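S.K.: Here's a sequence, model it:
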Amino acid sequence: PPYKKFALEEISEWLSAINISAIRGHVEYLASLGTRATGYEGNLLAAQYIYEKFKEYGLQEVSIEEFDQPFSCQTKEVCLRIPSRGGRVIDCYPLGFCRSTPIEGITSDLVVVDPIELKTKNLEGKIALCAHPNYEYIIGKEMDGLIVADMTPWPTYHSLYRLARKGLIPPAVSISLTDAYTIIGLRTSSAYLNVQQEIGEAKAHNVVATFPGRTGEFIAVFAHFDSVPVGGAGADNAGGVAMLLELARSMAGLKLRRGIKFIAFSAEEVGSGGAVAYAKKHLSELDDCIFAINIDGGGAILGRNLLTVTGDYSLLEFIKEVVSDVTHNISQIYLRPGSMDSLPFNIKGIPSVYYNRNHYNTHSHHDTSYLLSEERLRESTEFIGELLKRLAQTEKLPFDRKLSKELIQRATENLSERGNTFP
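M.R.: The predicted structure follows:
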């Protein structure tokens, strides 16, 4: 096929241009900003950095697009303490978009409950410890607090943005499975909890740049640069943004049939807010978008590469062929509705690939830049680059540029479950 002929002629020269030192530099800078969550200074600093790099690499129509985005911001160090055990402090994270405790915190009886008991049991004046809770059961409920036992060796940050329109749950924190069993084993009778959060609306920013082609059609390739309010967010998603920037730099000078839109989204962690804001602002332009590539999770040393393909079987076969030609290690390829920031594009009928290197430190302080591998970052960048070039250069797409009504409906439902709507 024409796309394969082009790739075989050009691939060696292009692969040698991948600069792993540049990728590592992007990761280190973004991770050094601390939290890049909406409403925090690191979010704007990250956007400005990406903007400057796009300009430096000679891309066109580079801009920062501002939009309003709800946010949940921790205003004081969260604290969970066990008074009945000598004031033992338990490592925890606050849940985003929950209510705050009184400023001095609150000490209450601690009860261990089954998830269904959150709905059926009178928990007024209690702090409940529970695994796998259904948060909708306790929206607006009169209870003093909730402790969520994560099935991980450390706490994981959870955002309840999707429920915020319905109301806020009581003050809540997450703890590790080990600490949950310690609390239970000690027969703990009470807990002290202090959660202070500001919930409001802030300015968030997308960064958009154009790599021109000879036709009006384009491919959208994007990664989100925001994070949750804990950790340096190395794999999720400084690694993905670093790959995006290196793709933009290394493709300079290539003459392509179709253009490429490089987009760095904010507010992915709060309902894919950046992707929705972009899609609404550029709604008419999306008619010329023939494909979307979402890079989310890049470079983790321990992990596995997963692909979610949203389209028909001809697209799936094309993706499998690229994987085979590049000899990239993909653990699983799914054919199903899109994920995260791909969703607004899918709702517009645009096929997509969601590239994710699944790892084990998501949304915690353990997601650091030190746990990213240069080899994994290079492999992933090369794979996305090869996919981009084949799509950009082939005269006729090797798949149909359309989605079934069922896939579009599922994408609409998935976005709604994330707490957002489009169009």
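S.K.: Which residue ranges of the stretch 101-250 of the chain form strands?
M.R.: Assigned by DSSP state E, counting those that start in this stretch, the strands in the stretch 101-250 of the chain fall at 106-112, 126-130, 145-149, 172-175, 190-194, 197-211, 218-224.
S.K.: Would you mind putting those into a markdown table with mean pLDDT, distance to Tyr161 and mean neighbour count alongside?
M.R.: No exception for glycine: its C-beta is placed from N, CA and C like everyone else's. Formatted as a markdown table, the strands of the stretch 101-250 of the chain follow (pLDDT from 0 to 100; distance: least, C-beta to C-beta, whole Å; neighbours: other C-beta atoms under 10 Å):
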| stretch | mean pLDDT | distance to Tyr161 | mean neighbour count |
| --- | --- | --- | --- |
| strand 106-112 | 96 | 24 | 17 |
| strand 126-130 | 97 | 20 | 23 |
| strand 145-149 | 98 | 16 | 24 |
| strand 172-175 | 97 | 14 | 26 |
| strand 190-194 | 96 | 21 | 23 |
| strand 197-211 | 95 | 10 | 20 |
| strand 218-224 | 97 | 14 | 27 |
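S.K.: and Lys405, which of those strands is closest to it?
M.R.: Between Lys405 and the strands of the stretch 101-250 of the chain, the shortest separation by C-beta to C-beta is 21.9 Å, and it involves strand 218-224.
S.K.: for the chain, what's the longest helix?
M.R.: helix 374-393 (DSSP state H).
S.K.: How many residues are close by Arg24?
M.R.: Arg24 has 18 neighbours, counted by other C-beta atoms under 10 Å.
S.K.: okay, the longest helix of the chain in PDB with CA atoms only?
M.R.: Below are the C-alpha coordinates for helix 374-393, written out as PDB (Å, rounded to 0.1, in the frame of the first residue of the first chain):
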ATOM      1  CA  GLU A 374      14.200   6.000  28.200                       C
ATOM      2  CA  GLU A 375      13.800   2.800  26.200                       C
ATOM      3  CA  ARG A 376      10.100   2.700  26.700                       C
ATOM      4  CA  LEU A 377       9.700   6.400  25.800                       C
ATOM      5  CA  ARG A 378      11.700   5.900  22.600                       C
ATOM      6  CA  GLU A 379       9.700   2.800  21.500                       C
ATOM      7  CA  SER A 380       6.400   4.500  22.100                       C
ATOM      8  CA  THR A 381       7.400   7.700  20.300                       C
ATOM      9  CA  GLU A 382       8.600   5.700  17.300                       C
ATOM     10  CA  PHE A 383       5.300   3.700  17.100                       C
ATOM     11  CA  ILE A 384       3.100   6.800  17.300                       C
ATOM     12  CA  GLY A 385       5.400   8.500  14.700                       C
ATOM     13  CA  GLU A 386       5.100   5.700  12.300                       C
ATOM     14  CA  LEU A 387       1.300   5.600  12.700                       C
ATOM     15  CA  LEU A 388       1.200   9.400  12.100                       C
ATOM     16  CA  LYS A 389       3.300   9.300   9.000                       C
ATOM     17  CA  ARG A 390       1.300   6.500   7.300                       C
ATOM     18  CA  LEU A 391      -1.900   8.300   8.000                       C
ATOM     19  CA  ALA A 392      -0.600  11.600   6.900                       C
ATOM     20  CA  GLN A 393       0.900  10.500   3.600                       C
END
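S.K.: tell me the angle it makes with strand 197-211.
M.R.: 50 degrees (axes from the mean of the first three to the mean of the last three C-alpha atoms, to 10 degrees).
S.K.: on that earlier part again, among the strands of the stretch 101-250 of the chain, which comes closest to Gly42?
M.R.: strand 197-211 (11.8 Å).
S.K.: coming back round to it: now do the buried residues in the longest helix of the chain.
M.R.: 376-393 (16 or more other C-beta atoms under 10 Å).
S.K.: Quick one: distance of it to the chain centre.
M.R.: From the chain centre to the centre of helix 374-393 is a distance of 20 Å (C-alpha atoms, centre = their mean, to the nearest Å).
S.K.: Report the buried residues of the helix or strand that comes right after that helix.
M.R.: Counting by DSSP states H and E, the next helix or strand C-terminal to helix 374-393 is helix 405-417. Residues of helix 405-417 classed as buried by neighbour count (16+ other C-beta under 10 Å): Leu407, Ile408, Arg410, Ala411, Thr412, Asn414, Leu415.
S.K.: those helices in the stretch 201-350 of the chain, which residues are they?
M.R.: 239-250, 273-281, 313-326, 343-347 (DSSP state H, counting those that start in this stretch).
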